[in-house]
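Engineer: A predicted structure for the sequence below; I have some questions about it.
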Amino acid sequence: MISIIIPIYNQADKLAKCLDSILGQSYKNYEVIIINDCSDDNPEKIIKGFENKLKIKSQKSKVNLGAPAARNKGFKESRGEYLFFCDADAVLAPEALGTMLEALESHPEASYTYSSFLWGRKLFKVGPFSPEKLKSGPCIHTMSLIRREAFPKTGWDESIKKLQDWDLYLMMLKNGHAGIWVDKILFKIKPGGTISSWLPSFAYKLLPFLSEVKKYKKAVNIVKAKHSLE
């Protein structure tokens, strides 16, 4: 079974499309765990509308702790052999879960599988797994399918506020776990969510004074220092 873990913070307007896309999956053996990270836009109303259609467990945090803490809460509630940390602003292709599971079953040496995706109209064609590429910078989205036994015992690092997915995959790499790429677009993200500050690559070289560029570089340095990548 796949445990689909969704942290949500003030994205109730996007959650219905996300849940609709989960409901439309060709692969049906899953559970849905939603952690409301102290939202104030009433996602419970959306969740209630899906309770008779999906196997949903939901919790609400008393204070906003951030996505890593919400994901860790969801993991503790999960029972699946596979973990899928899904963003609330994501819409999955109908074959997404089945395709990723098939890739893992076909490649027992891989600990997780990931795909290309769309952010708005921008295509992120991620590419084959490479330890060197992973060490050089963030390249794999949070939404991979992970074998439960490969997920770090420490969970998501709740002190990392940005580039949490990069940190997670670096931790897994350190533990001897590699991924495998599915050369398909299996989900799309609506702009305005977790990577809403995406900028074209030239901005990071030519526009270092931009606030988002400064924040990004600071986050990169924090993760590099943690994993001794300097």
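Structural biologist: Received the coordinates, thanks.
Engineer: contacts, neighbours, all on C-alpha from now
Structural biologist: Fine.
Engineer: For the longest strand along the chain, output the C-alpha coordinates as PDB.
Structural biologist: Using DSSP state E, we find that the single longest strand of the chain is strand 179-189. Extracted in PDB, the C-alpha atoms of strand 179-189 (Å, rounded to 0.1, in the frame of the first residue of the first chain):
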ATOM      1  CA  GLY A 179      16.700   6.900  -6.800                       C
ATOM      2  CA  ILE A 180      15.500   6.100 -10.300                       C
ATOM      3  CA  TRP A 181      14.000   8.500 -12.800                       C
ATOM      4  CA  VAL A 182      10.700   7.900 -14.700                       C
ATOM      5  CA  ASP A 183      10.900   9.800 -17.900                       C
ATOM      6  CA  LYS A 184       7.300  11.000 -17.800                       C
ATOM      7  CA  ILE A 185       5.500  14.100 -16.500                       C
ATOM      8  CA  LEU A 186       3.500  12.600 -13.700                       C
ATOM      9  CA  PHE A 187       2.200  15.700 -11.900                       C
ATOM     10  CA  LYS A 188       1.900  19.500 -12.200                       C
ATOM     11  CA  ILE A 189       2.100  22.200  -9.600                       C
END
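Engineer: Residue 95 contacts residue 23, doesn't it?
Structural biologist: No. Using CA atoms under 8 Å, residue 95 is not in contact with residue 23; the gap is 11.4 Å.
Engineer: what pLDDT does residue 101 get?
Structural biologist: In the predicted model, residue 101 carries a pLDDT score of 98.
Engineer: So what does the closest residue to it other than its chain neighbours have for phi and psi?
Structural biologist: In this structure, residue 101 finds its nearest non-sequential neighbour in residue 145, 7.3 Å apart by CA to CA, 6 or more residues apart in numbering. For residue 145, the backbone dihedrals are phi -100, psi 120 (criterion: degrees, to the nearest 10).
Engineer: For beta bridges, what are the partners of residue 145?
Structural biologist: Note on residue 145: beta-bridge partners by DSSP bridges are residue 84, residue 113.
Engineer: So for stretch 72-91, what gets flagged as buried?
Structural biologist: In terms of neighbour count (16 or more other CA atoms under 10 Å), stretch 72-91 has its buried residues at 72-75, 77-78, 80, 82-91.
Engineer: Show me these that map onto strands.
Structural biologist: Per DSSP E, the buried residues of stretch 72-91 map to strands at 82-85, 90-91.
Engineer: what is the rounded mean pLDDT of the helix ranked longest in the chain?
Structural biologist: Identified as the longest helix of the chain according to DSSP state H is helix 211-226. Helix 211-226 carries an average pLDDT of 79.
Engineer: So for stretch 123-141, mean pLDDT?
Structural biologist: The pLDDT scores in stretch 123-141 average 94.
Engineer: Can you give the contact residues for it?
Structural biologist: 114-118, 163, 165-166, 169-170, 173, 178-181, 183, 220, 229 (CA atoms under 8 Å, 6 or more residues apart in numbering).
Engineer: please redo it, this time with the cut-off set to 10 Å
Structural biologist: Stretch 123-141 has contacts (CA atoms under 10 Å, 6 or more residues apart in numbering) with 85, 110, 113-118, 163-167, 169-170, 173-174, 178-185, 188, 195, 220, 223-224, 227-230.
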